[in-house]
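Colleague: Pasting the sequence and the predicted model now:
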Amino acid sequence: MGLAIGILGLGYVGTTTAACLLRDGHRVVGVDVNPEKVAAIGEGRSPVVEPGVAELLAAGAREGRLSSTADIGPHLDRLDMVLICVGTPSRADGKLEMTHLLEVTRQLGRGLRERAPTGEPLLLVYRSTMPPGTMERLVLPTLAKLVGEGPGRRYEVAFNPEFLRESTAVEDYYAPPKIVIGEREKGITRRLLGIYDGIEAPLFEVPFAVAEMVKFVDNSFHALKVAFGNEIGRICASRGIDPQAVADIFLADTKLNISPVYLRPGGPFGGSCLPKDLSAMLALARESGLAVPVLAGAKESNGLHLAWIAQRIRELAPPPGPLLLLGLSFKSGTDDLRNSPLLDLASLLLDAGYELDVYDPDLDPDRLVGVNFAVALEHQEILLAHLRRDLERAADGARLAVLGKPIPGVRERLPAGLPLFDITRLRHGDG
């Protein structure tokens, strides 16, 4: 026997979710402040145009498993779960409008105060897009105040972002890229009472803020991809190059291009290729009289990221330190100093007045050749006065160690209790 599920908000997400839950054998109560939407759902009609939805709603209505109302309160005693799918549209300042979300949360809180605390707690699942921190700072306090108690007895709360695309929403519901559940404690929502049983997708049970952030990251990246593809297309078209042929080759590379590579937060990019070729691409755009702010922004963002790292170090250990910088070449397994962000970071730290020691097992100044040797000469003060061969001696007395690139076994060799700022993961903790 299916669950009894209330859905607050009958827009594209709520209506599609209702249709899919009906298909899976559940009973659904649709709730909305718009009387036209309430009437449509009550008659088994879809208030939105979305392939497959109307048929599923009509079938659910014929079988007596679909109803609708403007007030969720009287139905709470008969529900196993409530899905909150109300809109959070953009405000003029770019922030999300949370009025509707707050109002339905208040309605739920008032209704739950009257609900008998027998059996399992009612599971409240928020699916509306919301800024990180909303569950902790707005939703939970509002519910606790109105119900008279926190979650666990009368109710439980989860955040379950949706990844439905308009025109393919039903397909996306049954084949999502992932299932993300934000919870107070891992597993406490019992994987949303099994509504995802039979759906194959990676499952992530995470803190609320992580789940809230994921939706913003996903859609920001999708927007970035569209803008990137179009900028490349403009450059290609302006030079008589087939943009789609270039895209076909670019997309065929699933080892580096369409892959997790380069997408995990860490240090700035550097080395001999990325900065050089990005600058050359920007030059091609200038020659064609094209503005390409996404590509230009990548170079600017890289510099801002290095500045942010330097500022973070100042917050963790103000000058003069002392500091231990672990790594100087631009990545592990190479002694290449060309366009190394770690070399730039060392210069920034010295200019800020730090006492600095540097340790890099990949680097032997006596073996540098060619352009790399020329770079070393330009920064010979760092290499001669601050590069150390003895890690233990370099770490002695340091207030903070900064790990700039992966160095096997280096953490175990640091003094116990020495704070470590890991640039490769943007994390701070004990070494």
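Modeller: Everything's here; your move.
Colleague: low-confidence ranges in the protein?
Modeller: 430-431 (pLDDT under 70).
Colleague: repeat that for 90
Modeller: 1, 114-120, 186-194, 272, 364-381, 383-385, 428-431 (pLDDT under 90).
Colleague: ok, the residue sitting furthest away from the middle of it to T334 distance?
Modeller: Relative to the centre of the chain, and counting by CA atoms, centre = their mean, the farthest-placed residue is D366 at 43.6 Å. Distance of D366 to T334, computed by CB to CB, to the nearest Å: 16 Å. C-beta here means a position set from N, CA and C on the backbone, and glycine is covered the same way.
Colleague: do the same with S90
Modeller: Following CB to CB, the distance that separates S90 from T334 is 45 Å.
Colleague: Can you verify my assumption that A352 contacts A307?
Modeller: No. Taking CB atoms under 8 Å as the definition, A352 is not a contact partner of A307, at 11.3 Å.
Colleague: Quick check on those two: which one has the bigger neighbour count.
Modeller: The neighbour count for A352 versus A307, taken as other CB atoms under 10 Å, is higher for A352 (17 against 14).
Colleague: which element is the nearest residue to that one once chain neighbours are set aside on?
Modeller: Spatially, and ignoring its direct neighbours in sequence, A352 is nearest to P319 (5.4 Å; CB to CB, 6 or more residues apart in numbering). Using DSSP states H and E, P319 sits in no helix or strand.
Colleague: What are the phi and psi values at P319?
Modeller: phi -60, psi 150 (degrees, to the nearest 10).
Colleague: re the thing from before, neighbour-wise, which of S90 and T334 wins?
Modeller: Taking other CB under 10 Å, S90 and T334 do not tie; T334 has more neighbours (15 against 9).
Colleague: Tell me who's in contact with that one.
Modeller: Counting by CB atoms under 8 Å, 6 or more residues apart in numbering, T334 touches D362.
Colleague: That one: what secondary structure?
Modeller: Assigned with DSSP: H, G, I helix; E, B strand; the rest coil, T334 falls in the coil class.
Colleague: Distance check, it against G327.
Modeller: Taking CB to CB, one finds T334 at 11 Å from G327.
Colleague: what's the answer for P361, then?
Modeller: The value you get for P361 to G327, if CB to CB is used, is 9 Å.
Colleague: So if I had to pick from those two, which one is more boxed in?
Modeller: Neighbour totals were compared for P361 and G327, and G327 leads with 29 against 15 (other CB under 10 Å).
Colleague: Can you give me the neighbour number for E287?
Modeller: E287, neighbours per other CB under 10 Å, totals 11.
Colleague: would you say G6 is within a strand?
Modeller: Yes. Using three-state DSSP, the assignment for G6 is a strand.
Colleague: List the beta-bridge partners for it.
Modeller: Here G6 sits in beta bridges with V29, V82, as judged by DSSP bridges.
Colleague: what about it, neighbour count?
Modeller: Residues near G6, counting by other CB under 10 Å: 25.
Colleague: Would you mark the buried spots in the helix or strand harbouring L102?
Modeller: Assessed by DSSP H and E, L102 sits inside helix 99-114. Under the neighbour-count criterion of 16 or more other CB atoms under 10 Å, helix 99-114 has 100-101, 104-105, 107-109, 111-112 buried.
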